[in-house]
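K.L.:
Turn this into a model:
(4 chains)
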There are 4 protein chains.
Amino acid sequence: MKYEPIYYGEYLKLDKILGAQNLMSEKYGKPAHDETLFIIIHQTYELWFKQILHEVDSIHALFSKEVLAPTSLSTISHRLNRITEIQRILNDQLNVIETMSPLDFMEFRDYLVPASGFQSIQFRMIELKLGLRQEYRLHADKAFFNSRLKEEDKEFMLKLEEDTTLLELIDKWLSRLPFGKKENFDFWEHYQETVEEMLAADAEIIKNNKTLNPKQIEFELNNLNATRETFSVLFDAEKYAQLQEKGEVRISREAKLALIFIKLFKDEPILQMPNQILDQLIDIDELFTTWRYRHAIMAHRMLGRKIGTGGSSGHDYLKQSTENNRVFTDLFNVATFLIPKSTVPQLPDEIKKDLSFSYE
Amino acid sequence: MKYEPIYYGEYLKLDKILGAQNLMSEKYGKPAHDETLFIIIHQTYELWFKQILHEVDSIHALFSKEVLAPTSLSTISHRLNRITEIQRILNDQLNVIETMSPLDFMEFRDYLVPASGFQSIQFRMIELKLGLRQEYRLHADKAFFNSRLKEEDKEFMLKLEEDTTLLELIDKWLSRLPFGKKENFDFWEHYQETVEEMLAADAEIIKNNKTLNPKQIEFELNNLNATRETFSVLFDAEKYAQLQEKGEVRISREAKLALIFIKLFKDEPILQMPNQILDQLIDIDELFTTWRYRHAIMAHRMLGRKIGTGGSSGHDYLKQSTENNRVFTDLFNVATFLIPKSTVPQLPDEIKKDLSFSYE
Amino acid sequence: MKYEPIYYGEYLKLDKILGAQNLMSEKYGKPAHDETLFIIIHQTYELWFKQILHEVDSIHALFSKEVLAPTSLSTISHRLNRITEIQRILNDQLNVIETMSPLDFMEFRDYLVPASGFQSIQFRMIELKLGLRQEYRLHADKAFFNSRLKEEDKEFMLKLEEDTTLLELIDKWLSRLPFGKKENFDFWEHYQETVEEMLAADAEIIKNNKTLNPKQIEFELNNLNATRETFSVLFDAEKYAQLQEKGEVRISREAKLALIFIKLFKDEPILQMPNQILDQLIDIDELFTTWRYRHAIMAHRMLGRKIGTGGSSGHDYLKQSTENNRVFTDLFNVATFLIPKSTVPQLPDEIKKDLSFSYE
Amino acid sequence: MKYEPIYYGEYLKLDKILGAQNLMSEKYGKPAHDETLFIIIHQTYELWFKQILHEVDSIHALFSKEVLAPTSLSTISHRLNRITEIQRILNDQLNVIETMSPLDFMEFRDYLVPASGFQSIQFRMIELKLGLRQEYRLHADKAFFNSRLKEEDKEFMLKLEEDTTLLELIDKWLSRLPFGKKENFDFWEHYQETVEEMLAADAEIIKNNKTLNPKQIEFELNNLNATRETFSVLFDAEKYAQLQEKGEVRISREAKLALIFIKLFKDEPILQMPNQILDQLIDIDELFTTWRYRHAIMAHRMLGRKIGTGGSSGHDYLKQSTENNRVFTDLFNVATFLIPKSTVPQLPDEIKKDLSFSYE
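P.N.:
Below you'll find the predicted structure:
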């Protein structure tokens, strides 16, 4: 053997892992069968959170380079995919905790006050590292942050706020992508033109539609104007800045345009992996929001309308945070700005070449 | 052979099934690869809806008997379990539809107007048969019902409103359960007493808690009063009726009490299956609400902030209906009214015997 | 507060849990990104194994009572169901480990020799406690037991062989069930008669089938004789004993008959839960055998035809053990002995009453 | 509206789809509740098979081009991923069919003879199009092909044997990849050298290992020789041809080398998608083999040791075919030929450039 032999149980530190289930119900002399499950399932969650953080940190590091190495694209995509596979497990594990009945939970619930899932520092770290800054959180969540976290945990989390988030790194990476413009060609001018032509043609069709009465025509034209307004933001730095200020968009206008460009030309070699990466970020957001939603339902089932061990009215709070805590909504919203493939302006050969492999 | 021989493809009518994918994009001369997926996945959904209806109808029939046959309990539970296994598939199928990108969807989306999932009569039938009467629906949903459904479908659905729903059948079944009272014993009197004692003891603990300041004590006592108020509804027919009128509870007070009784004594032989059935109804509600939530997220991803093919602003509508369209919230809320096993009043032997098997 | 306040991280011993990932690749100076995943996923497996053991032990305890308390039936069923929900997670976690590529695994694989999953004492405990005694294992597995386990682990496992397994407890429980016979009625006499009548009628049909030629008729009659032979074992204690000796059946003839009885009358109140429990044991066996199969495929994918870290030629060994290590095949095989519901002999009222609830 | 309005139910041809469930048990006057499930689940399987064929055909078409367009890589990968998501559903649907008990199945099973899943032409098409030629099938399967399929189905399938399979298209594509060699550089010479050095070094370590006795040393050296022999096949066209003839490998030596090259340099831009595509083919094989295994177990559970409706002894046949019918084992086996990243010979800049994006 080249290396010291090692035994399975020692390698995995099973003495520590399997010796870390101390039932409070035992401590207070009334052992509750299901407390073991309650502890173990939370411990598996925390182990998976550690793994997710390990992947997120490595992705941060790759995106933090001044220029993202092309060879990193597959690594990033591979690790994002791993995160989503883990998240599928996190979601399915809710089926296991739901084998605990409310009455079984009541046998040890009082011993756990005021411990609460809100105190999971690792989960907060994941949220923050992805992009959920303190400022984006619900008021209730901020209040809770102050009242329920240990001083050292608070400081640790506040310190972490100084780092760049993945959302911000993605923003910068997208903003840097150079492909939309070339000396004599600005894709976005053509795109704007095409959008306007499309909307004008649609207006004609509506006006000439004999099956509609004047009121219906007015309604449809109003709809069309709303769409025009939506698109106009793309092409108008000032309007865009206003939306940013209102918090309706979080990424920069340059990043937004690059996002659309990638979606429109996703099969060009240099954009294949970036497009896949963007889809995976959407997957991650979707899987976490689904997890939050199911978590809220589970709390409702377990506690009815009672307040949670952390002192908050669990079910309602969880439901609000479900939607609020999404991070990559800008990526979801990109669908709003796409036009049919057949109408997309052609790219000049020069740009096409920039998007290709070197080998021909 | 005792019976006519039969061939796989003919038995399954595969000519019909596999000949039912007519692409609109082909009709209009621009075949879109992903329209096949779009059609097929909706067809599998409809097949599963048919299966769910088949199970729901058979369960309705069993519950509709004047006295529910004890031998039916396992059949009902078995079929409810089948429904939840199907629902797990329905939810997971969203992973398949999400392999379609927004741009791929745009290649055939315009051809489908105004078709919409809202027009799935089978899904509406499931919702209604479970208990989601027209009166419980969102305003937007009722408006849509009028504007987007065919006349014959509307009539069909309105006719169906005349039938008893599963929620109502469950209500009746629970109300009929005779186990809480016996000539000289009323379980609920004892229960009320116990609850009051518990709350009084808690109040003492709060008042004597030296670590709390007067303001905190007041806060905790207010919480306790809220709990007392919540419980009081159980024991006061008039208060209960008010909540029913406001729509905050849908089942009768008798049913609610039976529900709590079953939860408290779920291991008594005659209550084992009923308890399991109640849990399965909760599962069904949970799986449908999760499906609705994921459906809303999927629509967001596919359409951004655009309006859906059915003319509604898909994402937002779907998100509202997610919570609104839950049917068995009364079952979820039962957790609110439970007390720890160790404090539950004892049943007299007479009642215990009524809850047992005949064989000893 | 009635109890000492407790903080989330301390309750879950997160310092221990999250401090138990020591990378060998770091120890040897070449940190491998994916070793973290490798450790963490195995730790989650071990945590779930602990939970499964917790449930299995509690089920053992309930079955070990001289008479199984009727109120225990729902608890047993509930906990078996929890085990299957956990097993679904165990199986799905293979999707996570498969995000590791063979090349990534090679970066730290050599450091782990000779650690191996075969050394998971908890998994061996689960197998044994369910019923997989040393004598039923593959030769390769026994050899491995001797060569690769630590002395103390070997002793521990051999000591555990002295306990009764769940399969044996189930056998005893089934053998004790009194329902098939009553003073003047022996269900099995009637069952045997019915089976013989059925087979005789089938023989007539075959002989008179004009569409078959003599050779085909002979073939079909031979098939029928094989079926007759199969059934005959049920009614002949000696023949049954021979099969037991050959290891083709593991449970007693009394248990086998009770098993069939439960399946045939599964909706009678007193048999509803027992029937469900038997199905859950089948589920557990199925989920573990699926896990073993997928594990074998995963090893093939990760290692090709190389030998595993434990020194065995992983893929092939794993595939053999997949089928060999099943525990509840007797429960699977019960389907062989069932006859159509419509032909099942009627039970006398006396027995029917024994199978009912006391309340009417 | 630009297009004819269309209604949900008509678009999906729900009259056909939902009118295609004709129960045999009804035809023979004894309606069986579960036959509906049996039909519907098979119909959903067939719908999904149609979708898989749609994807497989489109992937065939892209691979059949003389030169695979670089822009096709993402499309191929995307559609392979869709297939695996569908396969996850196919596997999970087994949980639904398993809610049918053996006794419930017996209520209509006899009416279905000799229909059998073996007669699913679409599933056979998928198998063949992936690469499972008639010659690779089990003897029992070929016999069944002749005895149980309709004449027209047989002819159709035999005709299809004339087409190139995906495995063969992949073989050709891999063989064409030009990256391993350049005028003055042959990667494989360096690779062979490295492998030999590694093995020589390992031999030294073994010989000098003081903790081993002579017999153990001999054993370890024999193992090493086996590894040397395995690798030698790669570098020796004649030996390789012999393995091909014996059927132990199916793809060409050129393809095998390209496969290894892709795995070793998977992060080079031009190899990122090809590597992902190869992993997805492995996923597909794994998901189908898992499906076959679970199908075999399900048959055991439903039928015990009885013979299937198609006349075959279902469970055993299915278990044999589980392993036999795998298509991409050559891709699994590639792990056998990899060496640690740190020891892989460096590529010259010229080749590195060929593997890059054009844009710098």
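K.L.:
going forward, measure contacts and count neighbours with C-alpha atoms only.
P.N.:
OK.
K.L.:
Quick one: name whatever helix or strand follows the helix or strand of chain A with the lowest mean pLDDT.
P.N.:
The helix or strand of chain A with the poorest confidence is helix A:314-324; it has a mean of 80 (mean pLDDT, DSSP states H and E). Later in the chain than helix A:314-324, the nearest helix or strand by DSSP states H and E is helix A:329-333.
K.L.:
What mean pLDDT does that following helix get?
P.N.:
For helix A:329-333, mean pLDDT is 95.
K.L.:
what does stretch A:341-350 give?
P.N.:
Confidence for stretch A:341-350, expressed as mean pLDDT, is 94.
K.L.:
what's the span of it, first residue to last?
P.N.:
20 Å (C-alpha to C-alpha, to the nearest Å).
K.L.:
can you tell me which helix or strand the nearest residue to A:Asn91 once chain neighbours are set aside belongs to?
P.N.:
Closest residue in space to A:Asn91, ignoring its immediate chain neighbours: A:Trp291 at 5.4 Å, by C-alpha to C-alpha, 6 or more residues apart in numbering or on different chains. Take DSSP H and E as the rule and A:Trp291 turns out to sit in helix A:269-303.
K.L.:
Which strands and helices lie in contact with that helix?
P.N.:
helix A:72-97, helix A:102-106, helix A:253-264, helix A:314-324, helix A:329-333, helix B:269-303, helix B:329-333 (3 or more C-alpha pairs under 8 Å, 6 or more residues apart in numbering or on different chains; DSSP states H and E).
K.L.:
what about that helix, distance to the chain center?
P.N.:
Relative to its parent chain, helix A:269-303 has a centroid offset of 6 Å by C-alpha atoms, centre = their mean, to the nearest Å.
K.L.:
Quick one: low-confidence residue ranges for the stretch 51-200 of chain A.
P.N.:
Applying pLDDT under 70 to the stretch 51-200 of chain A flags no residue at all.
K.L.:
Pick out the residue of it closest to chain C.
P.N.:
Among all residues of the stretch 51-200 of chain A, A:Ala115 sits closest to chain C, at 4.6 Å; criterion: C-alpha to the nearest C-alpha.
K.L.:
any idea which helix or strand carries that residue?
P.N.:
Applying DSSP H and E, one finds A:Ala115 in no helix or strand.
K.L.:
burial count for it?
P.N.:
Burial of A:Ala115, expressed as a neighbour count using other C-alpha atoms under 10 Å in any protein chain shown, amounts to 24.
K.L.:
Kindly report the same for A:Glu197.
P.N.:
Around A:Glu197 there are 12 residues (other C-alpha under 10 Å).
K.L.:
Tell me which of the helices and strands packed on helix A:269-303 sits most buried.
P.N.:
Highest mean neighbour count among the helices and strands packed on helix A:269-303 (mean count of other C-alpha atoms under 10 Å in any protein chain shown): helix B:269-303, with a mean of 23.
K.L.:
could you check the angle helix C:72-97 makes with it?
P.N.:
Calculated by axes from the mean of the first three to the mean of the last three C-alpha atoms, to 10 degrees, helix B:269-303 forms an angle of 20 degrees with helix C:72-97.
K.L.:
The helix holding A:Trp291 to helix A:253-264, inter-axis angle?
P.N.:
Using the same axes, to 10 degrees: helix A:269-303 against helix A:253-264 is 100 degrees.
K.L.:
Chain B contacts on the stretch 151-300 of chain A?
P.N.:
A:263-264, A:282, A:286, A:290, A:293-294, A:297, A:300 (C-alpha under 8 Å from any C-alpha of the partner chain).
K.L.:
Tell me the one of those nearest chain C?
P.N.:
Distances from chain C to those, taken by C-alpha to the nearest C-alpha, are shortest for A:Arg294, at 16.4 Å.
K.L.:
surely the closest one meets B:Thr290?
P.N.:
Yes. Using C-alpha atoms under 8 Å, A:Arg294 is in contact with B:Thr290, at 6.8 Å.
K.L.:
Residue ranges of each domain in chain A, please.
P.N.:
A:8-176+A:265-327, A:180-248+A:332-360 (automatic domain parsing).
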